[in-house]
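Engineer: Build the 3D model from these lines:
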Amino acid sequence: MYYWYNISMYQDGTTHREGRINREIHKLFWQANFQDKNRLILTYLTRIPAVAAYNVFIPLVSAYGIQAIIDKRLDQVNHYALLVILLSIFYCLCWSIGGIAISKQAIKGSKYIQNRIFANFLAKDYDFYTNAYFGSLGAQAARIRDAFNMYGEIVTLALPKQITIVVAGVAIIAFQSLALAVATVVAMLFVLSYTVLTSSWRLQFRRKTSEASSEVAGSIGDSLTHGPTVKSFAMEDYEMQRLQKPLARWAKEQYRTWVTFVPADTGRMLLAAITTAVLLIYSSRLYQQGAISITIVILIQLYVIRLVASTLDIAEMIKRYEEAMGNAYEPVKTMGILVNIKDPESPKKLAQSTTHTLELQEVSYQYPEAAKSQYAVSNFSQKIKPGEKVGLVGYSGSGKTTLTKLLLRFMDVTTGKIIIDGLDIKEIGQKDLRNVISYVPQEPLLFHRSIAENIAYANPNAPKSIVIKAAKMAYVDEFAEELPKGYDTLVGERGVKLSGGQRQRVAIARALLKDSPILVLDEATSALDSKSEKYIQDGLRQLMKNRTSLVIAHRLSTIQRMDRIVVMDKGRVVQNGTHQQLLEEENGIYSKLWSHQSGGYIGVVSSFASEESEAL
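Structural biologist: Numbering: from 1, shown residues only. Next up is the predicted model:
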């Protein structure tokens, strides 16, 4: 439901227009603010009068009270004191109501921001995930939420407060002395102009600091995610050393950011002090000239001090605004990276069926970073009939896994077509396409959740009895039932608590539970022992019955009972037939693989290397 949350600003992921990114940040944050506009309006309606009562009218009433004391109208002093108390009660009541309203509004806005960036990241292409630092993405998601909270605090709380104080204060000063009001406004504009200029200059450093912080988070996340690998190679010191480069960059950028505060803050404080002194001298001269009374001098000085303080607060707000924009810059830039694999505007629906025809017509694919003439898959053409079981074999690097990615539309073919039941998969919605395919990848990764949750991920609404049935078909019960918490045992980050074979069995159980009409297995049994493989193959045979199946395997025992076996080499089809037919082709790759394998497993060598070793 959240996939409509998207920001698409750029033609590519490398060049960005800063002005447009900043506009998108404002747009995103105001959309979040207006998720609860009634409470936002209530905040303004209560906080602005509260600020006016406390910061404008209480000083004014106090000044009149002082004037009453000077004029010896002591009976009126109590009235002014009571009015100050009533204004204070009014302030507390309005401020409290506004505080409750803005708290609920801010939480709703934060949830909106978090949902939107998470949905945007989930909707990215397969290539985005292969190139991303997940620790960095997590840091960006947290940072933009914090940036929104900071932004919201400024625009919904601090800014209205300071605007109210400044406008009301200047108006009251103007009522007493127009010349002094003009002088006050000029002085404030001078301080604010200095603040805006220094903030614009500092923003570039803040962005670099934010990007460096993401790099540090990404590096740490990468190391911790692969903690077992780090420990198995005793590379803790190496990982610490590797972190020092991004950490040094962050330290450098953070220092440069903090150092820029020195001239900005000291200059602003100096200007504020000079402003206060000049206005004090000017108001005292007006008093000497008889233009204003001593009470008005005191009143004006109170307002001037408050206005100067408000100017400094506005300057601090600008600094916090700059921080919020800097922290939001990188996440919004990431959100703006275009999705290349898109659904058609009017997607077509596949017919409901337990089997589908799968056809690949002269499919070729070239990776973007590959040499001009180097294709991972070249002119691949095959038709798999409904319910047909086809094995796909070949040396590592022959293009088998690339085909599965093209079939799932993680990538689009360079040329050719992939067709299911007469429909080009580009004409089908990606979710609909993947819903008809049960896929077990070469290296299955599990969520840091329970075994049962990982299996049920294919169908979260499935009864537990059905989940357990799928688990037993994949022989998961052999190890799950021996664990202290059974199927409720957490498997760790990426399934690190399980062995490779156990992870594959869980992934196979997940595919069994999905029970889709097309089955794609990419080395699904490569990490299993012979006993486990036998049990799983029995379950897979039940699953593949009357289902269109494509099975990739290095271990030839997995696919020798397929209806047909396709042999690939360097991205092309070089052989096609049953297991027995391919064995009879003595000089064919398949017969060489069969004779060279140990225990039914293909060695990780290229066909060129194999032929070269035979010649030697």
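Engineer: For the rest of this, base every contact and every neighbour count on C-alpha atoms.
Structural biologist: Noted.
Engineer: is it true that Leu82 lies in a strand?
Structural biologist: No: counting by DSSP: H, G, I helix; E, B strand; the rest coil, one finds Leu82 to be helix, located in no strand.
Engineer: how about stretch 407-427 as PDB, C-alpha atoms only?
Structural biologist: Once non-C-alpha atoms are left out, stretch 407-427 reads as follows in PDB (Å, rounded to 0.1, in the frame of the first residue of the first chain):
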ATOM      1  CA  LEU A 407      13.000 -14.300 -15.300                       C
ATOM      2  CA  LEU A 408      12.100 -12.600 -12.000                       C
ATOM      3  CA  ARG A 409      12.600  -9.200 -13.700                       C
ATOM      4  CA  PHE A 410      15.300  -8.100 -11.300                       C
ATOM      5  CA  MET A 411      16.800  -6.900 -14.600                       C
ATOM      6  CA  ASP A 412      15.400  -6.300 -18.000                       C
ATOM      7  CA  VAL A 413      16.700  -8.200 -21.000                       C
ATOM      8  CA  THR A 414      19.100  -6.300 -23.300                       C
ATOM      9  CA  THR A 415      17.400  -7.900 -26.400                       C
ATOM     10  CA  GLY A 416      14.800 -10.600 -26.800                       C
ATOM     11  CA  LYS A 417      11.700 -11.500 -24.800                       C
ATOM     12  CA  ILE A 418      10.600 -13.600 -21.800                       C
ATOM     13  CA  ILE A 419       7.000 -14.700 -22.300                       C
ATOM     14  CA  ILE A 420       4.600 -16.400 -19.900                       C
ATOM     15  CA  ASP A 421       1.400 -17.700 -21.400                       C
ATOM     16  CA  GLY A 422       1.800 -15.400 -24.400                       C
ATOM     17  CA  LEU A 423       2.500 -12.300 -22.300                       C
ATOM     18  CA  ASP A 424       5.800 -10.500 -22.300                       C
ATOM     19  CA  ILE A 425       6.700 -10.200 -18.600                       C
ATOM     20  CA  LYS A 426       7.200  -6.500 -19.200                       C
ATOM     21  CA  GLU A 427       3.500  -6.300 -19.700                       C
END
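Engineer: Now do it: everything it contacts.
Structural biologist: Stretch 407-427 is touched from outside by 125-127, 341, 343-344, 346-348, 350, 356-366, 379, 405-406, 430, 433-434, 437, with contacts defined as CA atoms under 8 Å, 6 or more residues apart in numbering.
Engineer: Those in strands, which ones?
Structural biologist: 358-365, 379, 437 (DSSP state E).
Engineer: can the residues you listed go into JSON lines with extra columns for pLDDT, neighbour count and distance to Gln176?
Structural biologist: Shown next, in JSON lines, are these (pLDDT from 0 to 100; neighbours: other CA atoms under 10 Å; distance: CA to CA, whole Å):
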{"residue": "Leu358", "pLDDT": "90", "neighbour count": "22", "distance to Gln176": "86"}
{"residue": "Glu359", "pLDDT": "91", "neighbour count": "20", "distance to Gln176": "87"}
{"residue": "Leu360", "pLDDT": "91", "neighbour count": "20", "distance to Gln176": "85"}
{"residue": "Gln361", "pLDDT": "92", "neighbour count": "15", "distance to Gln176": "86"}
{"residue": "Glu362", "pLDDT": "92", "neighbour count": "16", "distance to Gln176": "86"}
{"residue": "Val363", "pLDDT": "91", "neighbour count": "22", "distance to Gln176": "83"}
{"residue": "Ser364", "pLDDT": "91", "neighbour count": "23", "distance to Gln176": "82"}
{"residue": "Tyr365", "pLDDT": "91", "neighbour count": "23", "distance to Gln176": "79"}
{"residue": "Asn379", "pLDDT": "92", "neighbour count": "17", "distance to Gln176": "87"}
{"residue": "Ile437", "pLDDT": "88", "neighbour count": "20", "distance to Gln176": "79"}
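Engineer: Now the two most distant members of those.
Structural biologist: Among the ones in strands among the contacts of stretch 407-427, the pair separated by the greatest distance (CA to CA) is Asn379 and Ile437, at 23.2 Å.
Engineer: I'd like the ones in strands among the contacts of stretch 407-427 as TSV, with distance to Ile102 appended.
Structural biologist: Listed next are those as TSV, based on distance: CA to CA, whole Å:
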residue	distance to Ile102
Leu358	56
Glu359	57
Leu360	57
Gln361	59
Glu362	60
Val363	57
Ser364	56
Tyr365	53
Asn379	61
Ile437	47
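Engineer: all strands in the stretch 451-600 of the chain, in order from the N-terminus.
Structural biologist: For the stretch 451-600 of the chain, the strands defined by DSSP state E, counting those that start in this stretch cover 518-522, 548-552, 564-569, 572-577.
Engineer: Pick the most buried one from the ones you listed.
Structural biologist: Mean neighbours per residue, mean count of other CA atoms under 10 Å, is largest over the strands of the stretch 451-600 of the chain for strand 548-552, with a mean of 26.
Engineer: Run through the neighbouring helices and strands of that strand.
Structural biologist: With contacts taken as 3 or more CA pairs under 8 Å, 6 or more residues apart in numbering; DSSP states H and E, strand 548-552 sits against strand 389-393, strand 518-522.
Engineer: For those strands, give me JSON lines that also has mean pLDDT.
Structural biologist: Listed next are the helices and strands packed on strand 548-552 as JSON lines, based on pLDDT from 0 to 100:
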{"stretch": "strand 389-393", "mean pLDDT": "91"}
{"stretch": "strand 518-522", "mean pLDDT": "87"}
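Engineer: Nearest to Gln162 among these would be which one?
Structural biologist: Closest among the helices and strands packed on strand 548-552, using CA to CA: strand 518-522, at 62.7 Å.
Engineer: Direction-wise, compare that closest one with strand 389-393 and give the angle.
Structural biologist: Relative orientation of strand 518-522 versus strand 389-393 (axes from the mean of the first three to the mean of the last three CA atoms, to 10 degrees): 20 degrees.
Engineer: Could you list the paired strands of strand 518-522 along with their orientation?
Structural biologist: strand 437-440 (parallel), strand 548-552 (parallel) (DSSP bridges).
Engineer: Between strand 358-365 and it, find me the angle.
Structural biologist: Angle, strand 518-522 to strand 358-365, by the same axes, to 10 degrees: 40 degrees.
Engineer: which stretches of the stretch 201-350 of the chain form helices?
Structural biologist: Counting by DSSP state H, counting those that start in this stretch, the stretch 201-350 of the chain has helices at residues 227-232, 236-288, 294-335.
Engineer: do the same with the stretch 51-200 of the chain
Structural biologist: Using DSSP H, counting those that start in this stretch, helices in the stretch 51-200 of the chain cover 58-70, 74-122, 126-131, 134-153, 159-176, 178-225.
Engineer: try the stretch 451-600 of the chain
Structural biologist: Secondary structure of the stretch 451-600 of the chain by DSSP H, counting those that start in this stretch: the helices cover 451-456, 464-473, 477-480, 500-514, 530-544, 579-584, 589-596.
Engineer: chain center to the fourth one, what's the gap?
Structural biologist: Here the centre of helix 500-514 is set off from its chain's centre by 28 Å, with CA atoms, centre = their mean, to the nearest Å.
Engineer: The shortest one now?
Structural biologist: Taking CA atoms, centre = their mean, one finds the center of helix 477-480 at 35 Å from the center of the full chain.
Engineer: residues making contact with it?
Structural biologist: 451, 471-472, 486-487, 502.
Engineer: mind running it again at 10 Å?
Structural biologist: With contact meaning CA atoms under 10 Å, 6 or more residues apart in numbering, helix 477-480 is reached by 451-452, 468-472, 483, 486-489, 498, 502, 505-506, 532.
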